[in-house]
Every structure is written in C-alpha cells, then in structure tokens.
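Chemist: Here is a sequence together with a model predicted from it:
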Amino acid sequence: SAPRLTLCPLSAHHGYQTMKPMTEALVEHWVDNARYPGTSARRGAVTNPATGKVTASVCFADEADARHVIAAAARAARSWGRSSLTTRARIMFRFRELLNARKEELAAIITAEHGKALDDALGEVTRGLEVVEFACGMPHLLKGAFSESVSTGINVHSKRQPLGVVGIISPFNFPAMVPMWFYPIAIGAGNTVVVKPSEKDPSALLWTAELWKEAGLPDGVFNVLQGDKAAVDALLDSPDVAAVSFVGSTPIAQYVYERATANGKRVQALGGAKNHMLVMPDADLDVVADAAVNAGFGSAGERCMAISVLVTVGPVADDVIARITDRMAKLRVGDGTLGCDMGPLVTAAHRDRVASFVDAGVQAGAKLVVDGRDIVVDDRPDGFWLGPTLFDNVTPDMTVYTEEIFGPVLSVVRVGTYRDAVDLVNANPYGNGVALFTRDGGVARDFEQDVQVGMIGINVPIPVPMAYYSFGGWKASLFGDSHAHGVEGVHFFTRGKVVTSRWADPATSPSSGLALAFPTHD
Ligand code: NAD
C-alpha cells in the first residue's frame with residue numbers, strides 16, 4: 001500500500017503568520033486610480049483553498065463595465081505615451097522600492113486565495129520583481145539607432161513608440177508574477193494597461209493597483225478589470241485595445257489568439273504545458289530525486305514549468321523511484337500559511353479533476369507508487385487536498401501522460417535510449433519547458449540542439465529565464481511569436497518607425513531636380 005504522507009503540524013510557527021491577508025468583502029475593478037464596483041450585478045466567489053471557506057466576492061464585469069475601464073485607459077494613453085522617459089523610469093523605481101518593502105503582504109494575499117505555501121508565494125513575487133527591475137532600464141531599452149549621411153545630406157534614425165492600450169489576461173496559478181511579466185514593460189514603454197486577473201485569486205492585482213497609485217502613476221495607466229469570459233471577450237473585441245498578452249490553458253490561448261488577431265490586434269498567448277525531465281544513466285541520482293520532487297510537487301504541481309513526466313533512460317528507474325519515494329514521505333502537506341511544503345489545490349473542482357486523472361491512470365494500468373487521493377489534513381477538513389502522487393510504468397497513450405493534469409502527480413516513463421527520450425519529448429504537442437540530467441556535456445549539447453521546446457534546463461529542473469531573457473514555449477504552449485519580457489517584451493509593446501530626413505543647405509546641396517526613377521543612394 002502507498003506510504004502515509006506526513007501532515008503539516010498546525011502548531012508550526014512561520015514568520016509570515018502575522019501578515020494580514022486581504023479580507024475585503026468585495027473585490028472590485030480599479031480604474032482611474034480608484035476602486036470601481038461597476039454596474040454589473042454578476043459576482044464570483046473567492047475561496048481560501050486551505051479552509052474551503054468563501055472569503056470575498058469578486059465583481060464580474062459586463063460589457064458596459066469593460067467599456068468604462070478601457071475608455072479610461074485610452075484617455076490616459078495619450079498623455080502617458082508622451083511622458084518623458086525620466087518620469088516613467090522614476091515612477092518605476094518608486095514602484096520597485098514599494099513592492100520590495102511590502103512583498104510579504106502580497107505573498108500573504110496570494111497564499112490566502114491560491115493556497116501555495118508562503119515561501120513559494122514570496123518566490124513568485126521576487127521573480128516578478130525582477131521584471132520591474134528590468135523595466136527600470138527602459139530609457140536604455142527604448143534607444144533607437146542613428147545613421148548620419150546614408151546619402152549625401154540624408155540621415156536616418158529609428159524609434160520605438162507605444163501601442164496605446166494593452167490588455168493583459170492572466171491565469172490563477174501566478175496571480176502576481178504572470179501579470180508582472182507584462183505590465184512593467186508595457187507601462188515603461190508608454191502604454192496603458194487593463195489587467196484581467198483570474199477570477200479565482202483576484203485580490204493580488206487590486207493590491208498592486210494601490211501600490212502603483214502610491215508610486216505616483218497617473219490615473220488610467222494601470223487598470224484592473226475583474227471577471228470571467230465576458231471581461232475577456234470585451235478586451236478581445238474592443239477597438240481601443242491595441243494588443244493582448246494572455247497566459248492560461250491551451251484551448252483558451254488559442255481562442256484568445258484567433259479572436260484578437262481577427263480583430264487586428266497584436267497577440268502573444270501563452271498556453272499549457274507537459275514538461276519532461278530526462279534522467280541519463282550517468283546522472284547524480286540524489287540531485288535528480290531532489291529536483292524531481294521540488295519541480296513536481298512545488299506549488300502542488302500548479303506551475304506551467306512543473307515537471308510532470310520523468311523519463312528514465314536505461315537502467316536507472318528503480319533507483320530513482322526509490323529515492324523519490326523516500327523524499328515524498330517527508331513532504332508536509334497543509335495550510336500554506338503554516339510552513340508546509342505543499343498547500344491545497346486551488347478549487348474543489350480542480351482537486352476532483354486531478355483525482356479523476358489519478359483514477360484513470362490506475363485503470364489504464366500504470367503502477368501507483370504513491371497515492372495522494374486519500375490524504376487528510378488535520379483541522380482543515382474542508383480544504384481542497386490532494387497529496388503528492390507518483391506513477392511508474394506510464395505509457396504515452398495513457399491520459400495521465402497525454403493531458404496537462406496541473407496537479408501534484410508525477411509520472412515515470414521508462415525508455416531505452418537517449419534517442420527514445422528525445423523522440424518522446426518532440427512528439428508531445430506542448431513545448432514549454434524540459435530538463436536533462438546528465439554529467440555528459442556532449443549529450444547535453446546534442447539535447448539543446450535536438451529538442452523542440454522553448455525553455456531548456458541542463459541539470460536545472462525549472463528553467464524559468466531571467467527577466468532580461470524571454471519566457472515562452474513552442475508548439476501548443478505559445479500562440480504568436482513573441483515570448484514574454486526581455487527584449488522580446490519591449491519589442492511586443494512598441495511599434496518601430498524609421499525616419500529618413502534631409503536637412504541640407506540648398507546653397508551647398510541643391511535639389512537634384514525632377515527625377516522619377518526609384519531613389520538610390522550616393
Ligand atoms: P484558464 O485558461 O482557465 O484561464 C486563464 C484566463 O482566461 C483567466 O483569466 C480566465 O478568466 C480566462 N478564461 C477562462 N475561460 C475562458 C473562456 N472560455 N473565454 C475567455 N476567457 C476565459 O487557465 P487557468 O486554469 O487559470 O491557469 C492554468 C493554465 O495556465 C495551465 O494550462 C497552465 O499551463 C497555464 N499557464 C501557462 C503559462 C505559460 O507561461 N505558458 C504560465 C502559467 C500558466
């Protein structure tokens with residue numbers, strides 16, 4: 001039978017326990033630097049996944065609410081787009097200082113609505129902060145080029161200008177970090193933004209909006225539109241929205257991409273993932289086991305860069321599984337505010353969906369090595385619990401392999417050779433992240449070359465690029481061709497212009513007169 005999981009002791013002390021989660025009854029929109037309840041009567045429930053209790057209700061925008069918020073962003077875009085680089089950079093620095101000083105508050109809000117452990121939530125904020133720090137250098141990033149005398153008396157320079165209003169639509173799993181991949185760069189480049197948070201954990205962005213106000217951001221530059229599909233569709237259809245940055249599941253990413261591009265918008269739509277971790281026979285198996293457990297079960301597997309498939313090459317599988325199982329027995333599952341390793345899943349429906357994939361894996365004949373379905377967390381009977389789960393002998397036809405489960409379920413697929421492993425990865429429709437564990441530099445080099453995935457880790461299980469590189473996958477993990485943040489982000493949120501100018505003195509450089517042939521240079 002499956003080993004019993006260690007539960008998180010409720011008496012455990014954790015430094016952030018004193019932080020107050022946001023407990024307002026109504027999570028509103030934010031427009032022109034103020035909360036706005038909207039006119040729609042539709043509401044959604046916000047739940048604490050560790051207790052199962054409803055903690056707030058969130059406004060769900062209708063089309064009129066969306067129009068109101070987008071109109072404010074469009075008004076502000078005119079002046080913000082013409083504001084000086086120095087003004088924008090100074091506000092960005094102030095926002096960075098405020099966020100850094102108060103990041104534990106934001107982490108507590110994330111844990112209260114998402115469920116992830118507090119140190120994990122703090123890690124999320126820190127990785128988002130890195131994009132703000134990158135955007136503080138926007139005056140440098142927006143510099144154009146200049147060429148003197150491309151032809152006699154003629155100079156050329158290039159510039160990049162903001163797009164206008166940008167819509168940012170984000171998923172539940174990183175309520176603070178994922179929007180931060182986009183809005184610091186969009187705002188720093190002179191755009192205004194309307195951010196649509198996930199309705200499951202909407203408070204983090206409202207808190208962020210207040211922080212922008214404190215940092216001195218003018219009215220209408222950072223706006224929050226709460227809601228569901230109606231809010232998303234309003235952004236996709238509005239003629240005042242120039243571009244959309246979306247992150248979420250693949251079917252919705254594809255829908256957003258198709259509808260928004262049909263409406264003439266620039267779109268980057270990041271989708272789902274199924275990330276493999278390849279273990280070569282020469283790898284350090286303790287390093288492998290630590291990495292697999294951390295990347296498989298961190299944030300309860302609700303990360304787009306989580307490892308969900310462990311591909312063992314050659315004879316290492318039994319040894320790796322034994323080491324992983326030992327480590328899983330030490331994981332503490334419980335309320336994320338109490339210093340546990342792993343929190344609950346985000347909703348009861350999602351917990352049940354993940355459990356149904358585990359049922360299907362058993363039925364399909366995979367070997368259930370550790371079963372997390374029956375976990376009981378003391379004093380939190382109504383939380384959305386599902387413990388870390390491990391399958392062996394998974395084959396590529398099983399749903400536990402084909403579907404993005406987005407929960408704490410790690411599947412081991414055994415293959416014979418390196419080539420089999422790479423073919424498996426490349427046959428998968430997703431191409432977000434992948435990792436290889438080996439001591440062989442030649443294999444690692446081949447792997448980088450061979451694998452059709454956007455983000456690759458060599459002995460690194462969650463290779464999330466730094467802010468000054470760009471984040472994004474291949475294939476069904478990205479619709480559009482712009483990855484998030486880094487130079488690609490700056491490019492996405494700006495439009496290029498090239499200016500050719502002739503300011504010649506007619507005395508020394510007279511007009512060449514009528515010449516209807518296509519102009520060439522001399
Ligand atoms: P989701 O696709 O259900 O929701 C994402 C956003 O789309 C939310 O704001 C939601 O309100 C909205 N939405 C949902 N259904 C919609 C519909 N029918 N029409 C219009 N809008 C709709 O995703 P989720 O469950 O919130 O997040 C988990 C997913 O996000 C996973 O698939 C995960 O892999 C993916 N993700 C990907 C990345 C990445 O970088 N590629 C990062 C984080 C999460």
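Modeler: Great, that's in hand.
Chemist: Pretty sure residue 257 sits in a strand.
Modeler: No: secondary structure of residue 257 (DSSP: H, G, I helix; E, B strand; the rest coil): helix, not part of a strand.
Chemist: residues touching it, list them.
Modeler: Residue 257 is in contact with 246, 267, 269, 479-480, counting by Cβ atoms under 8 Å, 6 or more residues apart in numbering. Bear in mind the C-beta positions are built from the backbone N, C-alpha and C, glycine included.
Chemist: Show me which of the residues you listed is closest to residue 226.
Modeler: Closest approach between the contacts of residue 257 and residue 226, by Cβ to Cβ: residue 246, at 16.3 Å.
Chemist: Any chance of the backbone angles for that closest one?
Modeler: phi -120, psi 140 (degrees, to the nearest 10).
Chemist: need the contact list for it.
Modeler: With Cβ under 8 Å, 6+ apart, residue 246 has these contacts: 168-169, 252-253, 256-257, 267-270.
Chemist: tell me which residues form a beta bridge with it?
Modeler: Bridge pairing for residue 246 (DSSP bridges) gives the partners residue 169, residue 269.
Chemist: how close does it sit to residue 199?
Modeler: 15 Å (Cβ to Cβ, to the nearest Å).
Chemist: Let me know whether residue 40 touches residue 61 as I believe.
Modeler: Yes: assessed by Cβ atoms under 8 Å, residue 40 is found in contact with residue 61 at 5.9 Å.
Chemist: if I pick the residue nearest to residue 52 when sequence neighbours are not counted, what's in contact with it?
Modeler: Sequence neighbours aside, residue 382 is the residue nearest to residue 52 in space, at 3.1 Å (criterion: Cβ to Cβ, 6 or more residues apart in numbering). By Cβ under 8 Å, 6+ apart, residue 382 lies in contact with 51-53.
Chemist: Also residue 284?
Modeler: Counting by Cβ under 8 Å, 6+ apart, the residues that residue 284 touches are 437, 439.
Chemist: before we move on, back to that, of the contacts of residue 257, which is the most crowded?
Modeler: residue 246 (29 neighbours; other Cβ atoms under 10 Å).
Chemist: Distance of that residue relative to residue 465?
Modeler: 19 Å.
Chemist: Can you tell me what sits against stretch 413-431?
Modeler: Contacts of stretch 413-431 (Cβ under 8 Å, 6+ apart): 250, 271-276, 278, 280, 309-314, 317, 392-396, 401, 404, 434, 443, 446-447, 450-454, 473-478.
Chemist: now that stretch: mean pLDDT?
Modeler: Average pLDDT, stretch 413-431: 98.
Chemist: distance between the ends of that stretch?
Modeler: Length of stretch 413-431, first residue to last, Cα to Cα, to the nearest Å: 18 Å.
Chemist: quick one: that stretch near the ligand?
Modeler: No: Stretch 413-431 stays clear of the ligand (Cβ under 6 Å from any ligand atom), getting no nearer than 8.5 Å.
Chemist: Tell me how many other residues crowd residue 324.
Modeler: Count around residue 324 with other Cβ under 10 Å applied: 27.
Chemist: what sits against it?
Modeler: 289, 292-293, 310, 390, 410.
Chemist: For the residues you listed, which single residue is the most surrounded?
Modeler: Of all those, the most densely surrounded is residue 310 (30 neighbours; neighbours counted as other Cβ under 10 Å).
Chemist: Apart from its chain neighbours, what residue comes closest to the residue of the stretch 201-350 of the chain found nearest the ligand?
Modeler: Of all residues in the stretch 201-350 of the chain, residue 248 sits closest to the ligand, at 2.7 Å by Cβ to the nearest ligand atom. With sequence-adjacent residues excluded and distances taken as Cβ to Cβ, 6+ apart, residue 248 is closest to residue 171, at 4.4 Å.
Chemist: try residue 224
Modeler: Here the residue nearest residue 224, using Cβ to Cβ, 6+ apart, is residue 30, at 3.9 Å.
Chemist: likewise residue 502?
Modeler: residue 154 (4.9 Å).
Chemist: Which residues are in contact with the one residue sitting closest to the centre of the chain?
Modeler: The residue lying closest to the centre of the chain (Cα atoms, centre = their mean) is residue 178, at 3.5 Å. The contact partners of residue 178, by Cβ under 8 Å, 6+ apart, come to 170-171, 247.
Chemist: got it, and residue 298?
Modeler: So residue 298 contacts 120, 306, 342, 462 (Cβ under 8 Å, 6+ apart).
Chemist: Of those residues - the most surrounded one?
Modeler: Ranking the contacts of residue 298 using other Cβ under 10 Å puts residue 306 first, with 29 neighbours.
Chemist: Quick check: chain neighbours aside, which residue is closest to residue 149?
Modeler: residue 155 (6.7 Å).
Chemist: Now do the contacts for the one you found.
Modeler: 146-149, 500-503.
Chemist: which secondary structure element contains it?
Modeler: Using DSSP states H and E, residue 155 maps to strand 154-162.
Chemist: Kindly report the same for residue 267.
Modeler: Using DSSP H and E, residue 267 falls in strand 266-270.
Chemist: That strand - what's its average pLDDT?
Modeler: 98.
Chemist: Show me what the helix or strand that that strand is followed by packs onto, helices and strands only.
Modeler: Downstream of strand 266-270, the next assigned helix or strand under DSSP H and E is strand 275-279. With contacts taken as 3 or more Cβ pairs under 8 Å, 6 or more residues apart in numbering; DSSP states H and E, strand 275-279 sits against helix 285-297, strand 307-313, helix 418-427, strand 433-437.
Chemist: Let's see the strand holding residue 155 as CSV, backbone CA atoms only.
Modeler: Provided in CSV are the C-alpha atoms of strand 154-162 (Å, rounded to 0.1, in the frame of the first residue of the first chain):
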residue,chain,number,x,y,z
ILE,A,154,20.4,62.5,-45.7
ASN,A,155,20.3,61.0,-42.1
VAL,A,156,18.2,58.1,-40.8
HIS,A,157,17.1,57.3,-37.3
SER,A,158,14.8,54.7,-35.8
LYS,A,159,12.5,54.9,-32.8
ARG,A,160,10.0,52.7,-31.0
GLN,A,161,6.7,54.1,-29.8
PRO,A,162,4.0,52.7,-27.5
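Chemist: Lovely, talk soon.
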